[in-house]
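J.: sequence and computational prediction follow.
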Amino acid sequence: MKRIVRSERYSSFLLLSAAILGLVLANSAVGPALAATRDAHLSIPLLGLDLSVGHWVTDGLLAVFFFLAAIELRHELTHGELDSARKALVPSVAAVGGVIVPAVVFLLIVREPGMTDGWPIPTATDIAFALGVLALVGRGLPTRIRALLLALAVIDDLIAILLIAFFFTDDLEPLPLLLAVPVILAFGWLGRDRPGRAGKRMILLLVLLGCTAWVLVYLSGIHATIAGVALGLIMANKVGAAARHAFEPWSNGFILPVFAFVAALVVFPNVPLSQLSPVFWAIVVALPVGKLIGISGGALIADALSPRQDRVPLGDVLVVASLGGIGFTVSLLMNGLAYAGDQEIAVEGTLAVLLGSVIAAFVGIIVTILRSRHYARAGSLPVR
């Protein structure tokens, strides 16, 4: 069962199914009860925590997802596709282009001052979903395409993390943040490669330090998922790989589907298409179109600066760029943060993220299938 849950195809299917289920139930007779459950508060006064069920999911459970993403980022930076400037050039410039162009598209469409806060929403790429679609329809492609998509999505996640830290932090409290630093450092020190010493007591201590860091970061006013990022980046590669192996089935099979379900609990707005806000149209356009143009343009610029042997064929770039428009998880998170004070716009933003991601997935599937047929006709074998 765990091997199935680790599958990229299965996890992307589960993610989409959970979002569809949430959307359907929110617009059914049980919708009000589900919304009330999501908005109910579960407090821990002793720790100064007072979060709704929905925020326990987005601030708490999703921190585990970012923890695993940070472990993967550390691995790529030290032993993977980003461990040298030469390897990192194309995915890095492509990822930056994939952030800048969608943001510009959003701001060209949305001009109202109160609505422009959502410009980071279409800048994200969903690692699990994008890799799942590629695994589903791109079996005949060279493995370098998956490596490029993974590297780009990891860098994209890092940029998204920075955006969340800088643009969605209110009322910073320095003391809890300063207290979090030694806790995170202690976590990293205990999480060094220690063969044969990772007993139950050590694991329990690491979990306790991780939870303490999360509480302190939350109390500081910074979005609590940043704690997961810091913990993942400071953990040694060998121990991090073991942690990722242990937590990945829970992330794929429970955390991400629960988040998708909760985020999709929105009621369809009772307005005609012509009266939907510019935010809706900006996200729907910026995710599939802005990402495609931005990633492709960035990759072409990087290719022009790279040695001939490191250049990526345009067809391979288009596969990665089209799948890069699948925002989903992180886009939904940033939508909730950007429009936390405007429920109506937040609902339209959620629907736009879902629709834009589906359009990007559809385009990505077509481009991937065409590229697979190209390699089949050329008689090329996957590059191992």
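T.: Sure, I can see it. Numbers count the residues shown, from 1 in each chain.

J.: the strand or helix carrying residue 364 packs against which elements?
T.: Per DSSP states H and E: residue 364 is located in helix 343-378. Judged by 3 or more Cβ pairs under 8 Å, 6 or more residues apart in numbering; DSSP states H and E, the packing partners of helix 343-378 are helix 127-137, helix 278-285, helix 291-305, helix 314-323, helix 329-338. In this view, the C-beta of every residue, glycine as well, is placed from N, C-alpha and C.

J.: deepest of the ones you listed, which one?
T.: helix 329-338 (a mean of 26; mean count of other Cβ atoms under 10 Å).

J.: what's the average pLDDT for that one?
T.: Averaged across helix 329-338, the pLDDT comes to 89.

J.: off-centre distance for that helix?
T.: Averaging C-alpha positions (Cα atoms, centre = their mean, to the nearest Å) puts helix 329-338 9 Å from its chain's average.

J.: now tell me what touches that helix from outside.
T.: Under the criterion Cβ atoms under 8 Å, 6 or more residues apart in numbering, residues 15, 58, 62, 65, 117-118, 120-122, 124-126, 128-129, 157, 160, 163-164, 168, 223, 225, 256, 259-260, 263-264, 283, 287, 346, 349-350, 353, 356-357 lie in contact with helix 329-338.

J.: so where's the stretch 251-384 of the chain shaky on pLDDT?
T.: 309, 380-384 (pLDDT under 70).

J.: what do you get if the cut-off is 90, keeping everything else the same?
T.: 251-254, 256-257, 259-260, 263-276, 303-313, 327-330, 332-333, 336-337, 340-344, 374-384 (pLDDT under 90).

J.: so who does residue 53 touch?
T.: If you count contacts by Cβ under 8 Å, 6+ apart, residue 53 has them with 37-42, 262.

J.: of those residues, just the buried ones, ChimeraX syntax please.
T.: Entered in ChimeraX, the line below selects the buried ones among the contacts of residue 53, by 16 or more other Cβ atoms under 10 Å:
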select :38,262
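
J.: please enumerate the strands of the stretch 151-300 of the chain.
T.: Here the stretch 151-300 of the chain has no strands by DSSP state E, counting those that start in this stretch.

J.: correct me, but residue 363 touches residue 322?
T.: Yes: using Cβ atoms under 8 Å, residue 363 is in contact with residue 322, at 4.9 Å.

J.: okay, and the common contacts of those two?
T.: 288, 292.

J.: quick revisit: between which two of the contacts of residue 53 is the distance greatest?
T.: 41 and 262 (14.7 Å; Cβ to Cβ).

J.: next, residue 339: phi, psi?
T.: The phi/psi pair for residue 339 (degrees, to the nearest 10) reads phi -120, psi 40.

J.: now do the contacts for residue 80.
T.: Taking Cβ under 8 Å, 6+ apart as the test, what residue 80 contacts is residue 151.

J.: I am finished for the moment; much appreciated.
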